[in-house]
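**Q** the sequence and its predicted three-dimensional model are supplied below.
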Amino acid sequence: MLRYSDLFFLTRQKYPFVCRIHLHEQFDTTEVFYSEMMPDTNQFYLNLEEPIRSTFMVLRDYILSLDPLITHTIKYGSPFFSYKGRMFCYLWKDKKLNEPYIGIVEGNRIEHPLLEQGNRSRMKILRIKTNEDLPISTINEILQLSLDFYRHGVIKTKK
């Protein structure tokens, strides 16, 4: 399982646009210097504070690895993931709790004890706790259920 303490290191290894990291032991801070040449989607993630940044970056990579037909874009100030041109999930941060969550666009079609409907009519969310291991099996189960609606034609795709 991935631990959040390892996420920054894994992110640093995977993304070459992180040029160097300076640890200031005296001030207990970290400075990260980024390349000026990077896509806008990456800039979105780099503007986030830790541990939200690492969490979102790992979730992005995981979601994109689920199917080669999944695409990624920034819409409404948030990362959205589409399957064959139809949005199926997104990443967002709860402003009150300052915790990330995965929003499932067709969440009303999925019954899962960890999905929260709230006052949403169509979408449900899966909260992610930044101080715990990522619940990869739960994330995978919910995202695969969501993708199956698109793959099997229950939800029509654009392409």
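**A** Great, that's in hand.

**Q** make it CA atoms for all contacts and neighbour counts henceforth
**A** Will do.

**Q** off-centre distance for stretch 85-105?
**A** Its chain's C-alpha centre and that of stretch 85-105 lie 8 Å apart, by CA atoms, centre = their mean, to the nearest Å.

**Q** okay, now the sheet partners of the strand ranked longest in the chain, with direction.
**A** Scanning the chain for the longest strand, with DSSP state E as the assignment, gives strand 86-94. When pairing is defined by DSSP bridges, strand 86-94 lines up against strand 78-83 (antiparallel), strand 99-104 (antiparallel).

**Q** quick check: bridge partners of the nearest residue to Asp94 once chain neighbours are set aside?
**A** Setting aside the residues directly before and after it, Asp94 is nearest to Pro100 in space (CA to CA, 6 or more residues apart in numbering), at 6.0 Å. Using DSSP bridges, the bridge partners assigned to Pro100 are Lys93.

**Q** where exactly do the strands run in this structure?
**A** Going by DSSP E, the chain shows strands at 18-24, 29-34, 70-75, 78-83, 86-94, 99-104, 115-116, 124-127.

**Q** tell me the mean pLDDT over the first one?
**A** Strand 18-24 comes out with an average pLDDT of 39.

**Q** equivalent analysis for the third one, please.
**A** In this model, strand 70-75 carries a mean pLDDT of 90.

**Q** also the shortest one?
**A** Confidence over strand 115-116 (mean pLDDT, whole number) is 91.

**Q** understood, closing this out.
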